[in-house]
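1. structure here, sequence nowhere to be found:
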């Protein structure tokens, strides 16, 4: 345990020493070039300066994850010394989605120390991103099945596939990633616009992922899922959907729920 802590501290110290060099270039680029360029411009310029310093740096590094026949490939903005992921943005401000993106990359790659850097504001904005959880840590989860309905073969197939998927990848990844995989792997799954009704009147439509023509599915990562469940129930009550198969991944607690139209 002590050795593990010591090695993590050394790795963190090396990262912060490297980051000091990186951020000197980041500030210089922002001061010299301004904030009006696309991300690609900042990537190329920072890559050039880091390589001139002798730092091992790669741009647009592919990062893949797969399960059965499904495969997803992301591209890392910058990977330094084969260990540290830097995501560069050119936005008015960083968002929680930006942090979720880099954490997702770090978990898949099992590279704990990285950073978000935003060139798009009047001043440089940056945020350290640390995720020391291993894949083994994330594969250790508990499942709550108390509100799951397996009355049909479809429900059983859906929840079994989802359980195998999370067992393979672990928890805490981007919910969109799990959703895309299920959409690709379920035999009859597809996306379509579903009509929204009020007292039988058509008032609009919404793009929904369906496991079958009248059964939707949803993957979330909410720490407080109950309010979501109330809204999901209201949603399906105003559609022609029969039910919603819902999986919530809250850290290492997974809840399977079946919401039936009322």
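-> Happy to help now that I have it. Owing to the predicted nature of the structure, the values given are computational and were not obtained by experimental measurement.

2. pLDDT of stretch 92-104, averaged?
-> The average of the pLDDT scores along stretch 92-104 is 96.

3. could you count how many residues lie near residue 136?
-> Look at residue 136: counted by other CB atoms under 10 Å, it has 9 neighbours. (C-beta placed from N, C-alpha, C; glycine too.)

4. and if you look at the one 10 residues further on?
-> Number of residues near residue 146 (other CB under 10 Å) recorded here: 8.

5. for it, give its distance to residue 258.
-> 11 Å (CB to CB, to the nearest Å).

6. and if you look at residue 171?
-> Plainly put, residue 171 is 20 Å away from residue 258 if you go by CB to CB.

7. and these two? Which one has more around it.
-> residue 171 (21 against 18).

8. for that one, grab phi and psi.
-> phi -90, psi 180 (degrees, to the nearest 10).

9. residues in contact with it?
-> Taking CB atoms under 8 Å, 6 or more residues apart in numbering as the criterion, residue 171 is in contact with 138, 139, 141, 249, 251, 252, 254.

10. can you check residue 176 too?
-> Applying CB under 8 Å, 6+ apart to residue 176 gives the contacts residue 219.

11. go with 6 Å
-> Contact analysis of residue 176 by CB atoms under 6 Å, 6 or more residues apart in numbering lists nothing.

12. and stretch 236-251, what's its mean pLDDT?
-> Here the average pLDDT along stretch 236-251 is 96.

13. okay, buried residues for that stretch please.
-> Applying a neighbour-count criterion of 16 or more other CB atoms under 10 Å, the buried positions in stretch 236-251 are 236, 238, 239, 241, 243, 244, 245, 246, 247, 248, 249, 250.

14. chain center to it: distance?
-> 20 Å (CA atoms, centre = their mean, to the nearest Å).

15. likewise for stretch 97-112?
-> Put simply, stretch 97-112 sits 7 Å off its chain's centre (CA atoms, centre = their mean).

16. and for stretch 87-98?
-> The chain centre lies 14 Å from the centre of stretch 87-98; the measure is CA atoms, centre = their mean.

17. buried set for it?
-> Under 16+ other CB under 10 Å, the buried positions of stretch 87-98 are 87, 88, 89, 90, 94, 98.

18. check stretch 224-236 too.
-> Neighbour count says stretch 224-236 has 225, 229, 232, 235, 236 buried, by 16+ other CB under 10 Å.

19. now swap in stretch 161-175 and tell me
-> 161, 162, 163, 165, 166, 169, 170, 171, 172, 173, 174, 175.

20. and it, what's its mean pLDDT?
-> Regarding stretch 161-175, the rounded mean pLDDT is 97.

21. show me the contacts for residue 53.
-> By CB under 6 Å, 6+ apart, the contact set of residue 53 is empty.

22. now with 10 Å, please.
-> 21, 22, 24, 25 (CB atoms under 10 Å, 6 or more residues apart in numbering).

23. kindly report the same for residue 28.
-> Neighbours of residue 28 in contact, by CB under 10 Å, 6+ apart: 45, 46, 49.

24. need the buried ones from those residues selected in PyMOL.
-> The buried residues among these can be selected in PyMOL (16+ other CB under 10 Å) with this line:
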select buried, resi 45+46+49
